[in-house]
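**Q** fold the stuff below for me.
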Amino acid sequence: MHADIGDRIVIRHNSGMGRDPTGEIVDSRQPDGTPPYLVRWDHDAREVILFPSEEAFFIRAARDGAA
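**A** Take a look at the predicted model:
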């Protein structure tokens, strides 16, 4: 699992209840981009240290020079 600052994270809920939590990676605690991550959640702007589970996936942020 690898993420960069600015990437989005989504945690899938299998319960079918409510929306899947989403947030932004605001810091990576490891130099190689592996967990844990500092995530700012969209629903309340709270920042938490997160070790994502298998239910998590990333939406990559647009990078300079990306086509």
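**Q** residue contacts, Arg12?
**A** Listed by C-beta atoms under 8 Å, 6 or more residues apart in numbering, the contact partners of Arg12 are 20, 55-57. (Glycine included, C-beta is placed from N, CA and C.)
**Q** for Val39, grab the count of nearby residues.
**A** Val39 is flanked by 25 other residues according to other C-beta atoms under 10 Å.
**Q** check the one 5 residues further on too.
**A** As a burial measure, the neighbour count of Asp44 was computed by other C-beta under 10 Å and equals 9.
**Q** now it: how far from Asp20?
**A** Distance, Asp44 to Asp20, using C-beta to C-beta, to the nearest Å: 15 Å.
**Q** roughly how far does Asp64 sit from Pro21?
**A** 28 Å.
**Q** what about the two, which has more around it?
**A** Taking other C-beta under 10 Å, Asp64 and Pro21 do not tie; Pro21 has more neighbours (16 against 4).
**Q** number of residues surrounding the nearest residue to that one once chain neighbours are set aside?
**A** Leaving aside its sequence neighbours, Pro21 sits nearest to Ile11 (C-beta to C-beta, 6 or more residues apart in numbering; 4.8 Å). Neighbourhood size, Ile11 [other C-beta under 10 Å]: 16.
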